[in-house]
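Undergrad: Sequence unavailable; structure follows:
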Ligand SMILES: Nc1ncnc2c1ncn2[C@@H]1O[C@H](COP(=O)(O)OP(=O)(O)OP(=O)(O)O)[C@@H](O)[C@H]1O
């Protein structure tokens with residue numbers, strides 16, 4: 001129990017606790033940043049870019065056929081085959097392919113050749129009838145400046161990717177060229193989207209009330225349904241009332257707006273990352289960093305003799321060795337610190353005391369709670385801005401999915417920070433990035449028959 005937590009540790013962890021007052025300040029800044037992102041004049045200098053996705057139509061259940069999907073942008077790269085049929089029939093086959101580290105940070109053309117190769121292997125393995133080009137949706141979860149559903153320029157790499165020759169290029173063109181170079185498959189790229197959009201679409205397929213998609217996985221990001229008139233950079237069909245906006249809120253704070261709440265651990269994470277100075281909000285939240293924040297705190301406190309009698313293992317001193325899944329394991333412990341002891345053993349800490357266990361758990365709780373509260377603040381900004389009275393939020397990502405309290409923490413805090421007349425619910429949007437890509441492709445194909453289109457329903 002927390003009574004065993006050393007008073008000094010509680011004191012040391014205080015900077016990780018955020019009051020509602022601090023969260024409200026942050027929300028005001030986030031709201032301003034989003035409005036700056038949406039407006040034509042302020043977008044170029046805005047930290048939160050609010051990219052227009054060109055997705056204006058929800059799935060309506062009439063989509064039929066087989067669709068391919070690619071999912072790039074997190075821990076795994078996947079190729080998927082999705083079949084949509086009568087009565088919400090849904091079938092999916094997928095395969096995970098590795099993107100070796102040297103390709104993640106190598107040449108862009110090599111990355112796209114690798115993707116095309118995996119795609120061709122998948123198509124052959126599944127004996128897909130390839131006389132006619134197969135429709136494909138591409139989930140590409142990096143900041144993308146879109147000018148249409150099938151045209152988008154990479155703004156910057158995030159989350160461990162850093163391939164040369166891709167920034168400011170049209171990613172769909174790079175994919176098409178790589179497919180063409182192979183000469184062995186015919187693919188029709190029907191849409192490019194972010195995993196947040198996929199999550200929203202996939203949730204909307206089941207629940208038409210869905211208006212926000214959020215990811216707490218490797219990275220953290222959210223999209224929402226905005227009025228076309230507010231999305232000043234939108235250059236598509238203005239007869240439809242709504243368009244999905246990909247906020248790319250992970251970059252919030254890159255102008256210093258988070259400095260008051262960032263800790264020394266956050267500054268160190270940032271300095272040691274592939275993209276220093278960038279994605280500061282994301283770095284306080286997502287799975288790529290959460291375990292590392294905990295590790296930095298543990299090392300710092302052990303060095304002050306406040307943990308493990310000052311003894312540290314080599315593993316514990318190793319960057320990246322404390323995975324975010326450990327945070328879930330430790331907090332999932334019931335009473336006797338069984339999981340905590342197991343984790344600490346795996347980290348080379350052999351005989352921690354029960355007080356050590358309580359302290360390590362407390363550190364995990366502070367870091368994961370802060371993460372959930374920061375996401376909640378962002379969600380409350382979107383809910384208050386949209387001002388729709390009832391909203392379903394589709395959520396995906398391993399942190400949300402596997403952390404034992406994340407959902408509860410998010411619902412609780414979002415409620416506290418949202419206008420009292422707004423009702424919302426949060427649901428896991430299973431496999432949004434794969435399913436959503438197929439749905440975007442399916443809706444694009446569906447809408448070639450104009451009589452079947454239906455935009456987001458108005459209030
Ligand atoms: N049990 C767990 N509890 C909490 N976090 C976890 C758990 N398992 C994995 N993670 C973290 O989740 C992250 C991977 O998230 P996810 O599986 O959603 O990937 P992703 O879809 O590739 O991410 P993104 O959509 O942000 O690109 C990793 O950083 C990992 O540390």
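TA: The structure has been received and is ready for your questions. Not measured: the values here are computed from a predicted model.
Undergrad: switch to C-alpha atoms for all contacts and neighbour counts from now on
TA: Fine.
Undergrad: Next to the ligand, which bits of the stretch 351-459 of the chain? Give me the list.
TA: For the stretch 351-459 of the chain, the residues in contact with the ligand (Cα under 6 Å from any ligand atom) are 397, 398, 399, 402, 403.
Undergrad: before we move on, what about the stretch 201-350 of the chain?
TA: Residues of the stretch 201-350 of the chain lying near the ligand (Cα under 6 Å from any ligand atom): 215, 217, 218, 219, 220, 287, 288, 323, 324, 325, 328.
Undergrad: Which single one of those is nearest to residue 361?
TA: residue 328 (10.0 Å; Cα to Cα).
Undergrad: List the residues that contact the closest one.
TA: Each residue near residue 328 by Cα atoms under 8 Å, 6 or more residues apart in numbering is listed here: 402, 403, 404.
Undergrad: Can you give me the distance of the residue lying closest to residue 309 once chain neighbours are set aside to residue 15?
TA: Computed as Cα to Cα, 6 or more residues apart in numbering, the closest residue to residue 309 that is not its neighbour in sequence is residue 302, at 7.1 Å. Distance, residue 302 to residue 15, using Cα to Cα, to the nearest Å: 18 Å.
Undergrad: Where does the residue most central in space within the chain sit, in terms of helix or strand?
TA: In the chain, the centroid-proximal residue (Cα atoms, centre = their mean) is residue 215; its distance is 3.3 Å. In the assignment (DSSP states H and E), residue 215 maps to strand 210-216.
Undergrad: after that strand comes which helix or strand?
TA: Per DSSP H and E, the first helix or strand lying C-terminal to strand 210-216 is strand 220-227.
Undergrad: So what touches the next helix or strand after that next one?
TA: Using DSSP H and E, the helix or strand that follows strand 220-227 in sequence is strand 242-246. Contacts to strand 242-246, defined as Cα under 8 Å, 6+ apart, come from residues 50-57, 194, 196-197, 221-228, 231, 455-456.
Undergrad: quick one: strands adjacent to strand 242-246?
TA: If you go by DSSP bridges, strand 242-246 pairs up with strand 51-52 (antiparallel), strand 220-227 (antiparallel).
Undergrad: and it with strand 210-216, angle?
TA: Interaxial angle of strand 242-246 relative to strand 210-216 (axes from the mean of the first three to the mean of the last three Cα atoms, to 10 degrees): 10 degrees.
Undergrad: So for strand 242-246, mean pLDDT?
TA: Taken as a whole, strand 242-246 has a mean pLDDT of 96.
Undergrad: Ok, stretch 215-224 next?
TA: Mean predicted confidence for stretch 215-224 is 96.
Undergrad: swap in stretch 154-172?
TA: Mean pLDDT, stretch 154-172: 94.
Undergrad: Please name the residues that touch the residue lying closest to residue 378 once chain neighbours are set aside.
TA: Counting by Cα to Cα, 6+ apart, residue 378 lies nearest to residue 27, which is 6.7 Å off, once chain neighbours are set aside. Counting by Cα under 8 Å, 6+ apart, residue 27 makes contact with 377, 378, 380, 381.
Undergrad: ok, 7 Å please
TA: Residues counted as contacts of residue 27 (Cα atoms under 7 Å, 6 or more residues apart in numbering) are 377, 378, 381.
Undergrad: got the buried residues for the strand holding residue 215?
TA: 210, 211, 212, 213, 214, 215, 216 (16 or more other Cα atoms under 10 Å).
Undergrad: before we move on, the earlier item: which one of residue 302 and residue 15 is surrounded by more residues?
TA: Relative neighbour count places residue 302 above the other of residue 302 and residue 15, with 17 against 14, counting by other Cα atoms under 10 Å.
Undergrad: what angle sits between the strand or helix carrying the more buried one and strand 220-227?
TA: For residue 302, the host element (DSSP H and E) is helix 287-303. Relative orientation of helix 287-303 and strand 220-227, computed by the same axes, to 10 degrees: 140 degrees.
Undergrad: What are the buried residues along the host helix or strand of residue 67?
TA: Using DSSP H and E, residue 67 sits within strand 65-72. Neighbour-count burial for strand 65-72, counted by 16+ other Cα under 10 Å, picks out 66, 67, 68, 69, 70, 71, 72.
Undergrad: which one of those sits closest to the ligand?
TA: residue 72 (7.6 Å; Cα to the nearest ligand atom).
Undergrad: Quick one: low-confidence residue ranges for the stretch 351-459 of the chain.
TA: The model of the stretch 351-459 of the chain has pLDDT under 70 over residues 447-459.
Undergrad: Hmm, residue 143 is touching residue 156, no?
TA: Yes - taking Cα atoms under 7 Å as the definition, residue 143 is a contact partner of residue 156 at 6.3 Å.
Undergrad: the more surrounded of the two?
TA: Neighbours were counted for residue 143 and for residue 156 using other Cα under 10 Å; residue 143 has more, 24 against 17.
Undergrad: contacting residues for that one?
TA: Residue 143 makes contact with 154, 155, 156, 248, according to Cα under 7 Å, 6+ apart.
Undergrad: Closest to the ligand out of these?
TA: Using Cα to the nearest ligand atom, those come closest to the ligand at residue 248, 11.5 Å.
Undergrad: Burial check on that closest one, number of neighbours?
TA: Neighbourhood size, residue 248 [other Cα under 10 Å]: 26.
Undergrad: Any idea how many residues pack against the residue in the stretch 351-459 of the chain that the ligand sits nearest to?
TA: Nearest to the ligand, among the residues of the stretch 351-459 of the chain, is residue 397, at 3.2 Å (Cα to the nearest ligand atom). Look at residue 397: counted by other Cα under 10 Å, it has 26 neighbours.
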